[in-house]
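Engineer: Give me a model of this one.
(2 chains)
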There are 2 protein chains.
Amino acid sequence: MRTISADVNGLLAHYQTQINERLEEFFDKKVEEASRISNHTREVVIGTKEYTLRGGKRLRPIFCILGYKCLSDHNPEAIIGASISLELMQSSLLIHDDIMDEDELRRGKQTFHIVCKDLCERQFGKNKALKFGENIAIVAGDLLEAYGEEVLAKSPFKSEHIKKALATYAGIVKNVGYGQILDITAEREGSFNEAEILTIHKLKTASYTIEGPLHIGALLAGASEADLQILSNYGIPLGLAFQIQDDILGLFGSEEKTGKPVGSDIREGKKTLLILHALEKSSKNEKELIVKALGNERVTVEEIDTVRDIVRRTGSLDYSKKLVAEMTDKAVQAIKISDFRTEAKDFLINIAGFIGDREY
Amino acid sequence: MRTISADVNGLLAHYQTQINERLEEFFDKKVEEASRISNHTREVVIGTKEYTLRGGKRLRPIFCILGYKCLSDHNPEAIIGASISLELMQSSLLIHDDIMDEDELRRGKQTFHIVCKDLCERQFGKNKALKFGENIAIVAGDLLEAYGEEVLAKSPFKSEHIKKALATYAGIVKNVGYGQILDITAEREGSFNEAEILTIHKLKTASYTIEGPLHIGALLAGASEADLQILSNYGIPLGLAFQIQDDILGLFGSEEKTGKPVGSDIREGKKTLLILHALEKSSKNEKELIVKALGNERVTVEEIDTVRDIVRRTGSLDYSKKLVAEMTDKAVQAIKISDFRTEAKDFLINIAGFIGDREY
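Structural biologist: Residues are numbered from 1 along each chain as shown, chains lettered A, B, ... in the order given. The predicted model follows:
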């Protein structure tokens, strides 16, 4: 496993570097475009560049590249250029997400609306600076979404393929939107069940992070319906595994590795399969302890530890780990029987293992 | 003029009916799509349908149809179907705009985030209901933008043409975004000059309302660069005329016809050429009266009347009217010398007259 994992990390890093270079080039052109309009538009676009380039695993563009490489080895430079559309979509959605969640930090730095709030305070004064920041951030999100579309529409592939890729791009944004509506309302309702959680995971993670990007890449290479189906059979279970692993790390992961404060999922009251399963299997007393901790901004380290213990003791952690293993296996089987190009196939198999084992 | 104007109104009404029918069909399918996910997604999509169908002149889809008809008379049904993408974009941007402006009314009814706030109060309680409404509205705007892309990407035209139309679609959203950033920052700065106002008008009105939709329609019919240039020569001046006429109606129009409360532009402190010109030409005393009224939420009818008098006396009204006439004329000349199809050409010429003369 060590060599495979080292290989995956090496290849991921290799792609990350190339994607970041393309993003940098792209944003430099956009900064130039915005500079021709005014200094204000320039500043906002510089802000979106910094926000996008400050970090991130670039999983979506990487899956887009791999989807393409399943079917084609022509024009490897072009697919890297097109893949950044997915990172632009990601930035757009994260900026809007941060406004909705009233979050102040993203990847260890200020969220975009807080950056713009500060900009307002420095340039125009403190009055309604947060509202100013949020407004600019709403517009910036819309702008980045348009940037992503533009990148795909102008990519040097066959028009027929680009058209289909753009329909899929719109489909991903749609799925995330539906998932987000479900997420916001479920949070307000307070109640949630396994089916609802799985639907949200499918719409917000599996389609968005894995299946959709794979499809876009594959479509740019001229994928058939059958090709897309194989990628779905791989992408959907792996996406669910990815999300459940995320939930496990959210409760048991180390802060240095995940970059998130320990127990933040508990503090935010995030609805995870892990917690749902624990609630079902625990005593009345334990249930109360979980409910008390969930969504409590002042939850203590001891209370988080108690929740962890319950999740372990009820077998919920094992259950979730088993689910991750099963889903990852299902994904691997789906891709193994395909006749995709070996290089991409191997990488997709290895990346599935990486996602199942990852600590960040 | 009477017959021309009657013709234009008749044709506009004819297209409006067809566009509304297509929008209705489209949304019914989306409600079905959203219903398959959950009752909450269904409710939100029903809300976006009501919001989109409650009114509007449908100028953008109409210009899209006309852009197409300049070059082709094939498949008239298909271009009507594709044209609704521009109304979906419009709804998306208006929903986001209403959040930014904290407006409660749009087309005589509740803005989208207020509709969702009420929904929250009924279903989940009053606590943070406005924030809930704004969050759902941010997502709904993103969703409608994706709907618009989807409509274009799946339209039955040549892939090569669709690809170009989608790049233009993204370009319009980008222009509106840049214009909006400029608008928000200029408002915060307090100062504004003619060049800035004209840039905002170009980005937010001329490109968005006229030139962009014309280009999308023309591209779907296979337009050349030269065709697009003629449509720009028509669309940009007409767009500016449209905006200046809008500003005139905002100060001098009747409430029944425009649907906006008299003097709302003054109350909102809207920066218009009309006001800028009046400020430049007025005495120190008059200047103070204008500045006092501008952006004052409690401005009286008398104060608005005074501003109107100053705008008249300084020749600013005449100056703006002259500008509208000149720009409209420029637009008409540009289209007259083209070899576009007669039917569309005539309509574009007549619609220019209509925009110059309109009272709503």
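Engineer: make it CA atoms for all contacts and neighbour counts henceforth
Structural biologist: Will do.
Engineer: quick one: low-confidence ranges for chain A?
Structural biologist: Residue ranges of chain A with pLDDT under 70: A:1-6, A:257-260, A:358-360.
Engineer: Domain parsing of it, as residue ranges.
Structural biologist: A:1-158, A:225-355 (automatic domain parsing).
Engineer: Adding distance to chain B, write those domains out as TSV.
Structural biologist: Below are those laid out as TSV (distance: least, CA to the nearest CA, whole Å):
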stretch	distance to chain B
domain A:1-158	5
domain A:225-355	15
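Engineer: Please identify which of the ones you listed is closest to residue B:279.
Structural biologist: Proximity to residue B:279 (CA to CA) singles out domain A:1-158 among these, at 22.9 Å.
Engineer: Make TSV from the domains of chain A and add distance to residue B:177 to it.
Structural biologist: Listed next are those as TSV, based on distance: least, CA to CA, whole Å:
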stretch	distance to residue B:177
domain A:1-158	6
domain A:225-355	32
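Engineer: Turn those into CSV, including mean neighbour count.
Structural biologist: Shown next, in CSV, are these (neighbours: other CA atoms under 10 Å in any protein chain shown):
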stretch, mean neighbour count
domain A:1-158, 19
domain A:225-355, 19
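Engineer: Please name whichever of these is nearest to residue B:203.
Structural biologist: That would be, of the domains of chain A and by CA to CA, domain A:1-158, which comes in at 9.7 Å.
Engineer: Now find how far off-centre that closest one is within its chain.
Structural biologist: With CA atoms, centre = their mean, to the nearest Å as the basis, domain A:1-158 stands 12 Å off its chain's centre.
Engineer: Repeat that for stretch A:351-358.
Structural biologist: Put simply, stretch A:351-358 sits 15 Å off its chain's centre (CA atoms, centre = their mean).
Engineer: Need the contact partners of the helix or strand hosting residue A:114.
Structural biologist: Following DSSP states H and E, one finds residue A:114 within helix A:112-124. For helix A:112-124, the surrounding residues in contact (CA atoms under 8 Å, 6 or more residues apart in numbering or on different chains) are A:44, A:47-48, A:51, A:95, A:98-99, A:104, A:126-127, A:129-137, B:188-189.
Engineer: To residue B:338, which of the domains of chain A lies closest?
Structural biologist: Nearest to residue B:338, of all the domains of chain A, is domain A:1-158, at 28.5 Å by CA to CA.
Engineer: Please list all residues in contact with the nearest residue to residue A:336 once chain neighbours are set aside.
Structural biologist: Leaving aside its sequence neighbours, residue A:336 sits nearest to residue A:345 (CA to CA, 6 or more residues apart in numbering or on different chains; 7.2 Å). The contact partners of residue A:345, taken as CA under 8 Å, 6+ apart, are A:70, A:335-336.
Engineer: Could you check how far residue A:345 is from residue A:69?
Structural biologist: 9 Å (CA to CA, to the nearest Å).
Engineer: Equivalent analysis for residue A:208, please.
Structural biologist: Distance of residue A:208 to residue A:69, computed by CA to CA: 19 Å.
Engineer: Likewise for residue A:211?
Structural biologist: Using CA to CA, residue A:211 is found at 15 Å from residue A:69.
Engineer: And residue A:17, by the same measure?
Structural biologist: Counting by CA to CA, the gap from residue A:17 to residue A:69 is 18 Å.
Engineer: ok, which stretches of chain A are strands?
Structural biologist: Counting by DSSP state E, chain A has strands at residues A:105-106, A:109-110.
Engineer: ok, and what's touching the first one?
Structural biologist: The set of residues external to strand A:105-106 that reach it, using CA under 8 Å, 6+ apart, is A:98, A:111.
Engineer: now do 7 Å
Structural biologist: With contact meaning CA atoms under 7 Å, 6 or more residues apart in numbering or on different chains, strand A:105-106 is reached by residue A:111.
Engineer: hmm, back to that, just to be sure, which of the contacts of helix A:112-124 are found in helices?
Structural biologist: A:44, A:47-48, A:51, A:95, A:98-99, A:129-137, B:188-189 (DSSP state H).
Engineer: For residue B:217, which of the domains of chain A is the nearest?
Structural biologist: domain A:1-158 (16.6 Å).
Engineer: Which of the contacts of residue A:345 fall within helices?
Structural biologist: Filtering these for helices - DSSP H - leaves A:335-336.
Engineer: and of the contacts of residue A:345, the nearest to residue B:230?
Structural biologist: residue A:70 (44.2 Å).
Engineer: OK, contacts around the closest one?
Structural biologist: Contacts for residue A:70 were tallied using CA under 7 Å, 6+ apart; they are A:340-341, A:344-345.
Engineer: Let's see that with 10 Å instead.
Structural biologist: Applying CA atoms under 10 Å, 6 or more residues apart in numbering or on different chains, we find residue A:70 in contact with A:214, A:217-218, A:221, A:223, A:227, A:231, A:335, A:338-348.
Engineer: same check, this time on residue A:170
Structural biologist: A:145, A:149, A:164, B:142-151, B:153.
Engineer: So residue A:319 is in contact with residue A:276, correct?
Structural biologist: No - assessed by CA atoms under 10 Å, residue A:319 is found out of contact with residue A:276, at 11.5 Å.
Engineer: Need the overlap of contacts for these two.
Structural biologist: residue A:311.
Engineer: From residue B:301, how far off is residue A:173?
Structural biologist: 46 Å.
Engineer: Compute the distance between the nearest residue to residue A:88 once chain neighbours are set aside and residue A:165, please.
Structural biologist: Among residues not flanking residue A:88 along the chain, residue A:148 sits closest, at 5.2 Å (CA to CA, 6+ apart). Using CA to CA, residue A:148 is found at 12 Å from residue A:165.
Engineer: before we move on, what about residue A:293?
Structural biologist: 43 Å.
Engineer: and if you look at residue A:333?
Structural biologist: 26 Å.
Engineer: likewise residue A:82?
Structural biologist: Distance from residue A:82 to residue A:165, by CA to CA: 10 Å.
Engineer: One more: residue A:267?
Structural biologist: 38 Å.
Engineer: Likewise for residue A:182?
Structural biologist: 26 Å.
Engineer: same question, residue A:270
Structural biologist: Residue A:270 is 32 Å from residue A:165, by CA to CA.
Engineer: Next: residue A:172.
Structural biologist: For residue A:172, the distance to residue A:165 - CA to CA - is 11 Å.
Engineer: what do you get for residue A:156?
Structural biologist: Separation of residue A:156 from residue A:165 (CA to CA): 13 Å.
Engineer: anything in contact with each of these two?
Structural biologist: Common neighbours of residue A:156 and residue A:165 (CA under 10 Å, 6+ apart) are residue A:220.
Engineer: ok, longest helix in chain A?
Structural biologist: Identified as the longest helix of chain A according to DSSP H is helix A:2-35.
Engineer: packing partners for that helix?
Structural biologist: On a contact count with 3 or more CA pairs under 10 Å, 6 or more residues apart in numbering or on different chains; DSSP states H and E, helix A:2-35 meets helix A:39-53, helix A:59-69, helix A:76-101, helix A:129-153, helix A:342-357, helix B:159-189.
Engineer: go again using 7 Å as the cut-off
Structural biologist: Contacts defined by 3 or more CA pairs under 7 Å, 6 or more residues apart in numbering or on different chains; DSSP states H and E place helix A:2-35 against helix A:39-53, helix A:76-101, helix A:342-357.
Engineer: now the most centrally placed residue in chain A: how far from residue B:140?
Structural biologist: Centrality entry for chain A: nearest residue to the mean C-alpha point is residue A:209, 5.3 Å, by CA atoms, centre = their mean. Note on residue A:209: its distance to residue B:140, by CA to CA, is 21 Å.
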